[in-house]
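*Asks:* Need coordinates for the below:
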Amino acid sequence: MPLSGQGRSWLISQDEEFVLQVQNNRFMLNWRRRDSAYPHFEDLEERFWEYYGGFRELLTDENLPAPEVQQVELSYINWITDMSAHEVFRPAQSASLTTLGLGPFPEEQHFIGRYLARSETGDPFGRLYVQCQPAVRIQPARSDTGLQFTLTFRAPGKEPLRDKRLKELLAFGRVSIVRSFFDLTTDDAHQRWGVLQ
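*Replies:* Numbering: from 1, shown residues only. Got it, this is the predicted structure:
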């Protein structure tokens, strides 16, 4: 929905866990860790469609044009503080050295990967982006260091994406993120987290 300017509105839930971001070229729902457990994808997806439906109703009531969705994006951001990169991230294990006098693994490791998604006919339709890097999280009383491991699926549309296609792309994005997370993390990490394939 092309609008002039870069205005952005944040609508924050009373418990401050959910942020709805609306701007001229984005409609995003974010979950932020506070006191409750990590929500299931189905809960977030249901909330997203509820809010998106309400947003479209508002546009209709105000005689404004309906959104023309050009791209879907789904992100899973993991904050890991109790394991080093080579303990948790499978590609980081390949950076080991045997040179006398050097530690076996680098003090810091940065990984960026981009994986092309193709349809059954071989046509590209999206990408999975993977990043694993050291990060600092600033808290009111302290700062925590750790790893930020992010998986993001993006899929643009040649034409405006309708609800059915949006749901298909979200479903594919979710599966690709979950499976890739498992593929890219180590067996030791799976045991520590109690993750089952």
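*Asks:* wouldn't residue 71 be in contact with residue 156 here?
*Replies:* Yes - using C-beta atoms under 8 Å, residue 71 is in contact with residue 156, at 4.5 Å. In short, each C-beta sits where N, CA and C put it, glycine included.
*Asks:* if I look at residue 106, how far off is residue 188?
*Replies:* To residue 188, residue 106 is 18 Å away according to C-beta to C-beta, to the nearest Å.
*Asks:* Tell me the confidence at residue 119?
*Replies:* Residue 119 carries a pLDDT score of 94 in this model.
*Asks:* Report the helix or strand with the lowest average pLDDT across the chain.
*Replies:* In the chain, no helix or strand scores lower on mean pLDDT, DSSP states H and E than strand 8-12, which sits at a mean of 89.
*Asks:* other SSEs contacting the helix or strand following it?
*Replies:* With elements assigned by DSSP states H and E, the helix or strand that comes after strand 8-12 is strand 18-23. If contacts are counted by 3 or more C-beta pairs under 8 Å, 6 or more residues apart in numbering; DSSP states H and E, strand 18-23 sits against strand 8-12, strand 26-31, helix 41-61.
*Asks:* So which bits of the following helix or strand past the longest one are buried?
*Replies:* This means helix 41-61. Of the helices and strands lying after helix 41-61 in sequence (DSSP H and E), the nearest is strand 71-80. Buried residues in strand 71-80, counted by 16 or more other C-beta atoms under 10 Å: 72, 73, 74, 76, 80.
*Asks:* Just the mean pLDDT for the next helix or strand after strand 71-80, thanks.
*Replies:* Using DSSP H and E, the next helix or strand after strand 71-80 towards the C-terminus is helix 85-88. Mean per-residue pLDDT for helix 85-88: 92.
*Asks:* Would you mind pulling up the elements that helix 85-88 packs against?
*Replies:* Packing partners of helix 85-88 (3+ C-beta pairs under 8 Å, 6+ apart): strand 143-156, helix 187-193.
*Asks:* May I have the strands that pair with the helix or strand residue 127 falls within, each with its orientation?
*Replies:* Remark: residue 127 resides in strand 124-138, with elements defined by DSSP H and E. Next to strand 124-138 in the sheet, as set by DSSP bridges, lie strand 111-118 (antiparallel), strand 143-156 (antiparallel).
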